[in-house]
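**Q** Generate coordinates for the sequence data below:
(one chain, ligands or ions: 1)
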Amino acid sequence: MTQDEQYMQLAIAEAAKAAAEGEIPVGAVVVRRGEVVAAAHNRREGGKNALAHAECLAIQEACRIRGGWRLWDCDLYVTMEPCPMCAGAIINSRIRRVVYGVSDAKAGCCGSVTDLFSLPFNHRPEVTAGVCAEEITPLVQDFFAKLREELKTRPRWRKPADAETGSRAPKPETNQAAPQEEAL
Ligand SMILES: [Zn+2]
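**A** The predicted structure follows:
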């Protein structure tokens, strides 16, 4: 097993924790000079927070542990291709290298939807794709297959009527009735 694969195994373990919590399985670890400084998994549903992606949480923890926002000498391992928010966080934290597993055709910003790291921002991390992808793919597919089964037995979520008429803003609780359905 290569060193990249070893660190990716830790990210996969984080992704499995997310799946066990009913979250889309994404896990991330930040490694500095051979040492894991932070590990996190997607907590968007549990944290009721659109920003609680695995990469952002891991970067936040790494900044806290390192005592600063510059992660020049840190590498990020993540099971899925980073989204625009996380790719932005990677640029802003100056992560040296990004290693990811599977591509994300709907939100991936390392080449799938766009490639933010090829644009002339002030920082450009090195990228390695496809590490342990054959192991991560079934983890993600199983999660969505189970979710689809579950959703069949649940009443389908509809946009609240008042949101459609625009008469007033939807109540936060009713607007959150369908976790993850939009992610299918
Ligand atoms: Zn993200």
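**Q** Show me what from the chain comes close to the ion.
**A** Within the chain, the positions near the ion by C-beta under 5 Å from the ion are 53, 83, 85, 86. Just so you know, the C-beta spots here come from the backbone N, C-alpha and C atoms, and that holds for glycine as well.
**Q** For the last one, which three-state class applies?
**A** So that's residue 86. With DSSP: H, G, I helix; E, B strand; the rest coil as the basis, residue 86 sits in helix.
**Q** Just the pLDDT at it, thanks.
**A** According to the predicted model, the pLDDT of residue 86 comes to 98.
**Q** hang on, it packs against residue 57?
**A** No: contact between residue 86 and residue 57 fails when scored by C-beta atoms under 8 Å: they sit 9.9 Å apart.
**Q** More neighbours: these two, which one.
**A** residue 86 (28 against 23; other C-beta atoms under 10 Å).
**Q** Can you list phi and psi of the nearest residue to residue 110 once chain neighbours are set aside for me?
**A** Once flanking residues are discounted, residue 110 sits nearest to residue 81: 5.1 Å by C-beta to C-beta, 6 or more residues apart in numbering. Backbone torsions for residue 81, taken as degrees, to the nearest 10, come to phi -50, psi 130.
**Q** Run a quick neighbour tally on residue 81.
**A** When counting by other C-beta under 10 Å, one arrives at 26 neighbours for residue 81.
**Q** Low-confidence regions, the protein specifically.
**A** Within the chain, the ranges that satisfy pLDDT under 70 run 163-184.
**Q** What segments of it are helices?
**A** Counting by DSSP state H, the chain has helices at residues 3-20, 54-66, 84-93, 133-153, 161-165, 172-175.
**Q** what angle separates the second one from helix 3-20?
**A** Relative orientation of helix 54-66 versus helix 3-20 (axes from the mean of the first three to the mean of the last three C-alpha atoms, to 10 degrees): 110 degrees.
**Q** Okay, buried residues for helix 54-66 please.
**A** 54, 55, 56, 57, 58, 59, 60, 61, 62, 63, 66 (16 or more other C-beta atoms under 10 Å).
**Q** Mind picking the two most distant members of those?
**A** Using C-beta to C-beta, the buried residues of helix 54-66 reach their maximum pairwise distance at 54 and 66, which is 18.1 Å.
**Q** Please work out which of the helices of the chain is packed deepest.
**A** helix 54-66 (a mean of 22; mean count of other C-beta atoms under 10 Å).
**Q** which residues are in contact with that one?
**A** Applying C-beta atoms under 8 Å, 6 or more residues apart in numbering, the contact partners of helix 54-66 are 11, 14-15, 18, 26-30, 32, 37-43, 69, 71, 74, 76, 78-79, 82, 85-86, 89-90, 93, 95.
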